[in-house]
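1. for reference, the sequence and a predicted model appear below.
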Amino acid sequence: MASAEIDVKYVAHLARIALTPDEEKKIGSQLGHILGYIEKLRELDVTNVEPTAHAMPLVNVTRADEIRPSLPPADALRNAPRQANGLFIVPKIVE
Amino acid sequence: MLNQLTISALTVKLARREVSAREATQACLDQIQRVDGKIHAFLSHDAADALAQADAADQLLAQGGNGASRPLLGVPIAVKDVLAVKGQPLNCGSKILGKFVSPYDATAIEKLKAAGAIVFGRLNMDEFAMGSSTENSAFGTTKNPWDITRIPGGSSGGSAAAVAADECIASLGTDTGGSIRQPAALCGCVGLKPTYGRISRYGLVAFASSLDQIGPFTKDVRDAATLLGVMSGHDLRDSTSVPVPVPDYTKALTGDIKGLKLGLPKEYLIGGLDPEVKAAVDAAVKKFTELGAEIVEISLPHTDYAVATYYIIATAEASANLARFDGIRYGARVDGNDPIELYSKTRGAGFGAEVKRRIILGTYVLSSGYYDAYYLRAQKVRTLIRNDFLKAFEKVDAIVTPTSPTAAFKLGEKSDDPLQMYLSDIFTISCNLAGICGVSVPCGFTQNPKLPVGLQLLGKPFGEETMLRVAHAYEQNTPWHKEKAAL
């Protein structure tokens, strides 16, 4: 059974995951195998079948627009790897 | 021993002041001390905090504070490491969260606390709930209490093992494709996955948002009904929680299943089904007939497509959900010269092999040019799978299947073959795709070695009462749930 080719290096870049060359090779062959299995969905005729995103279709779920307690900034920052002056510290984005 | 009691037995003793919550909690802590070196169900637990909660429960008990509003007063309940408990660590079995401490309680945890439970411990799991054996935990594998050379199932393997080994009275897990029911089956306890939307997912770290549900692991069906009642209900903080009234599920446990129709799907008697598992399920079906239920053969024609559908939808949702672990706002960070490099290095170092595999697969099936062929097609097949169940439920009140095609397998047996591991979820996965409810109850043992076998009952959307009535009637007429692993 022909399995789909997957450019692991490119997809890992899209997913923002740095892989070692060994990981790339291993994941590539495993995903080829899994995609080969997934191909079986092509056997089915899905013409005129509506897609299901959620088993319980709820629409326009809103709650009252009221001020309610939220996480204090100090608590929101407590787990940050780097923080200062009430802010998350990140690498420079704009020169 | 107090740690072996069910919720219903312990709460009776607590109400009569025969025992204290401190004694019950200490019994669990002693059992952890005695056996968890072998089992490794717990990643961590704060004994002093558990005992402080127990003392507070004892004070309330002394004032007569138990009763209808606090059905769990003084009951020690342990939690899978994917649910937020304020002030406790939360790692999801992963290195990427570093030293994360939850700043708030999940809604399900809030409800347990309000009901008086002693919420303690962090239970081991496959990283981000991705796996069927707990071998994907970054912190070592949990062992099956019935045979420590075997896996406990997964992803909630720690939750199942902790209940089976009497290290707690009950526990919480999560189920995205069978992660409660399969480990419950393999460890010989009761595991319940509620209908999608029954229990709020607020404070549950998302894996696949359209499939995830929180549920209990317990020593009998009555306890599962009690915990379901406590945790269920509409929550404004989870837009997918469904505003359906919450009944008293324990009232449904009448023991009478005469005239109920139980469906036996012909597609579930597949090759690969272990003969001893098949024999145990056949015997259970016979028992249902003796109890007055009617067995009806049904067909779920798209069963064979469920695993493939699941691994597209679940990985697609995971690839989006796990984008939040980027080393910026929380968790471990590996520095880079620019944000992209920082994200990539952080995620490359922080995620384990299975999580990387699934994020990459999910990214691929959503990527430009492949979306229609994979993701959209899988969502359409999901409709077909859901319709199979809705059609079957026009004829039957509940469906009976094995929970897992085999009893617990050996450590390492499937860890190098992801596809084989995925296929071990064949009987549990459809339930999540269809959004219905399911429960696994013990239904016997293999002979050599002696390992638990699980029976799965599937119910209609919000049909937990009927499903639990059937499970309870079966349990009360069989000896399996009373057996304990020798530890």
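-> Yep, that arrived. For clarity, every value in this text was computed on a predicted model and none was experimentally measured.

2. and the residue positioned nearest the centre of chain A, what does it touch?
-> By Cα atoms, centre = their mean, chain A has its centre lying nearest to residue A:15, at 7.3 Å. With contact set as Cβ atoms under 8 Å, 6 or more residues apart in numbering or on different chains, residue A:15 has these partners: B:319, B:347, B:359, B:360, B:363. No exception for glycine: its C-beta is placed from N, CA and C like everyone else's.

3. out of the residues you listed, who has the most neighbours?
-> Ranked by the number of neighbours (other Cβ atoms under 10 Å in any protein chain shown), the contacts of residue A:15 place residue B:359 first, at 28 neighbours.

4. residues near residue B:299, how many?
-> Look at residue B:299: counted by other Cβ under 10 Å, it has 13 neighbours.

5. that one and residue B:266 touch, don't they?
-> Yes: with contacts counted by Cβ atoms under 8 Å, residue B:299 reaches residue B:266, the gap being 5.8 Å.

6. how about the residue in chain A that chain B sits nearest to: what's its closest non-neighbour residue?
-> For chain A and chain B, the shortest gap (Cβ to the nearest Cβ) falls at residue A:55, measuring 2.2 Å. Nearest non-adjacent residue to residue A:55, counting by Cβ to Cβ, 6 or more residues apart in numbering or on different chains: residue B:435, 2.2 Å away.

7. just give me how far the lowest-mean-pLDDT helix or strand in chain B sits from the chain centre.
-> Within chain B, no helix or strand scores below helix B:418-423, which has a mean of 84 by mean pLDDT, DSSP states H and E. Centroid separation between helix B:418-423 and its chain, computed with Cα atoms, centre = their mean, to the nearest Å, is 19 Å.

8. what lies in contact with it?
-> With Cβ under 8 Å, 6+ apart as the criterion, helix B:418-423 contacts A:30, A:33-34, A:37, B:131-133, B:272, B:307, B:311, B:354, B:357, B:414-415.

9. repeat that with 10 Å
-> With Cβ atoms under 10 Å, 6 or more residues apart in numbering or on different chains as the contact definition, helix B:418-423 has outside contacts at A:27, A:30-31, A:33-34, A:36-38, B:126, B:130-133, B:135-136, B:151, B:154, B:177, B:272, B:307-308, B:310-311, B:314, B:353-354, B:357-358, B:361, B:405, B:409, B:413-415, B:417, B:429.

10. pull out the buried residues from it.
-> Within helix B:418-423, the residues that count as buried by 16 or more other Cβ atoms under 10 Å in any protein chain shown are B:418, B:421, B:422, B:423.

11. which single one of these is nearest to residue B:102?
-> Distances from residue B:102 to those, taken as Cβ to Cβ, are shortest for residue B:421 (29.4 Å).

12. counting contacts, what elements does whichever helix in chain A runs longest pack onto?
-> When chain A is parsed with DSSP state H, its longest helix is helix A:21-38. With contacts taken as 3 or more Cβ pairs under 10 Å, 6 or more residues apart in numbering or on different chains; DSSP states H and E, helix A:21-38 sits against helix A:8-14, helix B:306-321, helix B:353-366, helix B:418-423.

13. give me the residue from chain B nearest chain A.
-> As assessed by Cβ to the nearest Cβ, chain A sits closest to residue B:435 within chain B, at 2.2 Å.

14. distance of that residue from residue B:247?
-> 19 Å (Cβ to Cβ, to the nearest Å).

15. between the two, which one's more packed in?
-> Of the pair residue B:435 and residue B:247, residue B:435 is the one with more neighbours under other Cβ under 10 Å, namely 24 against 15.

16. go back to the contacts of residue A:15 and keep what's next to chain A.
-> Contacts with chain A within the contacts of residue A:15, counted by Cβ under 10 Å from any Cβ of the partner chain: B:319, B:347, B:359, B:360, B:363.

17. so what pLDDT did the first one get?
-> According to the per-residue confidence, residue B:319 scores 98 in pLDDT.

18. also the second one?
-> If you check residue B:347, the pLDDT there is 98.

19. now do the SS call for it.
-> Classification of residue B:347 by DSSP: H, G, I helix; E, B strand; the rest coil places it in helix.

20. show the contacting residues for it.
-> With contact set as Cβ under 10 Å, 6+ apart, residue B:347 has these partners: A:12, A:15-19, B:96, B:322-323, B:325-327, B:334, B:355-356, B:359.

21. if you set the cut-off to 7 Å instead, what comes out?
-> When contacts are counted by Cβ atoms under 7 Å, 6 or more residues apart in numbering or on different chains, residue B:347 touches A:16, A:17, B:325.

22. check residue B:138 too.
-> Counted by Cβ under 7 Å, 6+ apart, residue B:138 has contacts B:93, B:94, B:95, B:127, B:352.

23. since we're on the fourth one, how many residues are nearby?
-> The number of residues packed around residue B:127, counting by other Cβ under 10 Å, is 29.

24. likewise for the last one?
-> The local packing count at residue B:352 equals 19, with neighbours defined by other Cβ under 10 Å.

25. for it, which non-adjacent residue is spatially closest?
-> Distance criterion Cβ to Cβ, 6+ apart; nearest residue to residue B:352, sequence neighbours excluded, is residue B:127 at 4.8 Å.

26. repeat that for the third one.
-> If you skip the residues right next to it in sequence, residue B:95 has residue B:138 as its closest partner in space, 4.7 Å away by Cβ to Cβ, 6+ apart.
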